[in-house]
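Undergrad: pasted the sequence and its predicted model underneath.
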Amino acid sequence: MDIITLTNQNIEEEHLCCAIDSKATNIGVTAKKSWLKDRINEGLKLKKLNARGKVFIEYIPVEMGWMPIEAKDYMLINCHWVSGSYKGKGYGAELLKECENEAKSLKMKGVLLVSANKKKPFLSDKSFYLKSGYEVVDSAPPYFELLTKRFDNKAELPKFTQSAKKGFPEEIKGVDIFYTAQCPFTTPYIELLKPTILTSNIPIRIHQIKSREEAQSHFCPVTTYSVFVDGKFYTQEILTAKKLEQLISIL
């Protein structure tokens, strides 16, 4: 498998696998690459197949990660994606092994990621990881699960923070959307929501998470994108304008 690792030297020339077919995500790609440049300096790795396809893995030491997880000396997988004709050829397993081997070389305790107790968009399917030796070690409402592969069974288990388990800290009417630039789809889709927001009778508030500290204290396990309605978690799926209109029509 011919693998390319993104660096601050080649990032402008390389495509982002997840946004490869979408011209509409140009502003999102720019925002994502800017976000990546800072994270690469903090130990993030994005490795992808040297092909024009959606085959990649992105990971970072959990201490530097943008998720509300209590752990030390683990590697956190941000995103791991194989799609289309590339599925079923062992690429996902090989990329995962790249991550695990690097974690071992850094003397880490293991690797972890956020999934769900059932298939959900924008979340890795846990069945693949369970077959690869991972275990569910914690959960957070309504369906989030923390999966971990420990290299030493005596190692302390990671867990979600209390803020991630408790949810929104206050009762508040309306829709609150939180996002980061970690995904190239979040920024452009936020822009597409603005006409609906301006004409809505329901309060709709947009919050960009701009720092690791904000992300690590967030009240949802997923920080890339999360939607709350009247202070209750609604979805981590990126909303289109149509979906937002459908949501506010029933509030």
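TA: The structure has been received and is ready for your questions. Predicted model only: the values in this text are computed from it and were never measured. Numbering: from 1, shown residues only.
Undergrad: just the strands in the stretch 151-251 of the chain please.
TA: Secondary structure of the stretch 151-251 of the chain, counting by DSSP state E, counting those that start in this stretch: strands at 159-160, 175-179, 204-208, 225-229, 232-235.
Undergrad: ah, wrong one, I meant the stretch 1-150 of the chain
TA: With DSSP E, counting those that start in this stretch as the criterion, the stretch 1-150 of the chain has strands spanning 3-5, 45-49, 55-61, 69-70, 74-82, 110-116, 135-140, 144-150.
Undergrad: among the ones you listed, show me which one is buried the most.
TA: Counting by mean count of other Cβ atoms under 10 Å, strand 110-116 has the highest mean neighbour count of the strands of the stretch 1-150 of the chain, with a mean of 25. For the C-beta atoms, the positions are set from N, CA and C on the backbone; glycine is no exception.
Undergrad: okay, the angle between that strand and strand 55-61?
TA: On the basis of axes from the mean of the first three to the mean of the last three Cα atoms, to 10 degrees, strand 110-116 is oriented at 120 degrees to strand 55-61.
Undergrad: quick one: contacts of strand 110-116?
TA: 59, 62, 67, 69, 71, 74-77, 80, 99-100, 103, 123-126, 129, 134, 137, 143-152, 155, 158, 221-222 (Cβ atoms under 8 Å, 6 or more residues apart in numbering).
Undergrad: point out where this protein drops to low pLDDT.
TA: 19-24 (pLDDT under 70).
Undergrad: try it again with 90
TA: For the chain, the stretches flagged by pLDDT under 90 are 1, 14-26, 51-54, 83-85, 121-122, 169-171, 251.
Undergrad: circling back to that earlier point, can I get the strands of the stretch 151-251 of the chain in JSON lines including mean neighbour count and distance to Thr186?
TA: Output for the strands of the stretch 151-251 of the chain, formatted as JSON lines (neighbours: other Cβ atoms under 10 Å; distance: least, Cβ to Cβ, whole Å):
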{"stretch": "strand 159-160", "mean neighbour count": "20", "distance to Thr186": "22"}
{"stretch": "strand 175-179", "mean neighbour count": "22", "distance to Thr186": "4"}
{"stretch": "strand 204-208", "mean neighbour count": "14", "distance to Thr186": "9"}
{"stretch": "strand 225-229", "mean neighbour count": "22", "distance to Thr186": "5"}
{"stretch": "strand 232-235", "mean neighbour count": "17", "distance to Thr186": "13"}
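Undergrad: gap between the residue of the chain positioned farthest from its centre and Glu170?
TA: For the chain, the largest distance from the centre (Cα atoms, centre = their mean) belongs to Asn201, which lies 30.8 Å off. Using Cβ to Cβ, to the nearest Å, Asn201 is found at 21 Å from Glu170.
Undergrad: what's the answer for Thr180, then?
TA: 21 Å.
Undergrad: looking at those two, which has the bigger crowd around it?
TA: Neighbours per residue (other Cβ atoms under 10 Å) separate Thr180 from Glu170, with Thr180 holding more: 24 against 6.
Undergrad: ok, now which ones touch that one?
TA: 35, 66, 186, 208-210, 215, 223-225.
Undergrad: take those and keep only those in helices.
TA: Counting by DSSP state H, the part of the contacts of Thr180 found in helices is 35, 186, 215.
Undergrad: beta partners for the closest residue to the second one other than its chain neighbours?
TA: Read it as Thr186. With sequence-adjacent residues excluded and distances taken as Cβ to Cβ, 6 or more residues apart in numbering, Thr186 is closest to Tyr179, at 4.2 Å. Bridge pairing for Tyr179 (DSSP bridges) gives the partners Gln208, Tyr225.
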